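Undergrad: generate a structure from the sequence data that follows.
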Amino acid sequence: MPFRNLAREYSTTTGTSNCVLSGAVPGCNTWDLAGVANGEIVRYGIITYSTTTNRPTHSEVGLGTYTTSTKTLARTTVKSSTAAGAKITLTGLSEVYICPTLQDTPILAAYYGSLLTVNNGVDNALLDIDTEWTDELGLATLASDVITINHISWVQMSASFSFSAASAFNGYIHIEYPAYGLSIRKGYTTAMGILSDTIFLGPLLLNVTGTQAVSFEADNHLGFNTDIIVNDVTLHGFLK
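TA: Coordinates of the predicted model:
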């Protein structure tokens, strides 16, 4: 979603109606001069002021559509406000502007796993993902050792793994995203110095279109039982 620099106008609209813009705030541009197109969906912010003290009273950010012919911003979806998340009541003295919101900021979810012994000759052993470190926006959930991404967004996923010094390994570590048949994997052997290495996989770019699961698996062949730990899994993306 594009930003428009210096787009900041006054509005004399009152109540919770859509905002009619009435001219640029000094030192800023009208929305039209800033390049906002007719029908463009924008992230907007509103500050409304007391008409007696000229001090701010309430504010709001949201998602709206701009109509150039009437210079009107439709307050379609409020993302946050000082009115408990509802549309604020405009006083007739407001500033309306375009701004990034939390939805435009890269978000992060991070998980850790526990030690798991993968037996020799076992394919597709599901590695334990058992600890959520951070996920303030609820991008993903953790259940049954599978991370489930539950927001429609583009997500970039990476993971790292390590091995116990008492183990041997000859096989593959992989991330599986069955919703679109996507996976990424790497093959290693003990002879490659794997016991002292941290193994990195990713980034894997995922187009999440619904509630979809990701798993982390290991295959071990021609070696001994292997202790593997998932050091961390990170998800970066943008909410829509």
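
Undergrad: can you report phi and psi for G92?
TA: Backbone dihedrals for G92, given as degrees, to the nearest 10, come out at phi 100, psi -10.

Undergrad: my guess is it contacts T12. True?
TA: Yes - under the criterion of Cβ atoms under 8 Å, G92 makes contact with T12 at 5.1 Å. Backbone N, C-alpha and C define where each C-beta goes, glycine included.

Undergrad: which element, helix or strand, includes I47?
TA: Element membership of I47 [criterion: DSSP states H and E] is strand 41-49.

Undergrad: give the other helices and strands that that strand contacts.
TA: Taking 3 or more Cβ pairs under 8 Å, 6 or more residues apart in numbering; DSSP states H and E as contact, the helices and strands that strand 41-49 lies on are strand 56-67, strand 72-81, strand 90-91, strand 94-98.

Undergrad: send me it as PDB with only the CA atoms.
TA: Listed next in PDB are the C-alpha coordinates belonging to strand 41-49 (Å, rounded to 0.1, in the frame of the first residue of the first chain):
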ATOM      1  CA  ILE A  41      -7.100   2.900  -0.500                       C
ATOM      2  CA  VAL A  42      -4.800   4.500   2.100                       C
ATOM      3  CA  ARG A  43      -3.800   4.200   5.700                       C
ATOM      4  CA  TYR A  44      -5.000   7.400   7.300                       C
ATOM      5  CA  GLY A  45      -4.700   9.200  10.600                       C
ATOM      6  CA  ILE A  46      -7.000  11.800  12.200                       C
ATOM      7  CA  ILE A  47      -6.400  14.100  15.100                       C
ATOM      8  CA  THR A  48      -9.400  16.100  16.200                       C
ATOM      9  CA  TYR A  49      -9.100  19.300  18.400                       C
END
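
Undergrad: from the middle of its chain, how far away would that strand be?
TA: 22 Å (Cα atoms, centre = their mean, to the nearest Å).

Undergrad: quick check: buried residues in it?
TA: Within strand 41-49, the residues scored as buried using 16 or more other Cβ atoms under 10 Å are V42, R43, Y44, G45, I46, I47, T48, Y49.

Undergrad: just name the most buried of the helices and strands packed on strand 41-49.
TA: strand 94-98 (a mean of 23; mean count of other Cβ atoms under 10 Å).

Undergrad: average pLDDT for whichever helix or strand comes after it?
TA: Following strand 94-98 in sequence order, the next helix or strand is strand 107-113 (DSSP H and E). Here strand 107-113 scores 84 as its mean pLDDT.

Undergrad: ok, L142 touching I129?
TA: Yes - counting by Cβ under 8 Å, I129 is a contact partner of L142 at 6.3 Å.

Undergrad: quickly list what's touching both of these two.
TA: Y111 (Cβ atoms under 8 Å, 6 or more residues apart in numbering).

Undergrad: more neighbours: those two, which one.
TA: Shown here are L142 and I129; by other Cβ atoms under 10 Å, I129 has more neighbours (23 against 16).

Undergrad: hmm, back to that, would you turn the buried residues of strand 41-49 into TSV with pLDDT and distance to V96?
TA: Shown next, in TSV, are those (pLDDT from 0 to 100; distance: Cβ to Cβ, whole Å):
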residue	pLDDT	distance to V96
V42	93	10
R43	93	12
Y44	96	6
G45	96	7
I46	98	5
I47	97	8
T48	97	9
Y49	97	12
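
Undergrad: buried residues in the longest strand seen in the chain, which are they?
TA: Determined from DSSP state E, the single longest strand within the chain is strand 226-239. Across strand 226-239, burial judged by 16+ other Cβ under 10 Å covers T226, I228, I229, V230, V233, T234, L235, H236, G237, L239.

Undergrad: could you do stretch 197-217 as well?
TA: By neighbour count with 16+ other Cβ under 10 Å, stretch 197-217 contains the buried residues I199, L201, L204, L206, V208, Q212, A213, V214, S215, F216, E217.
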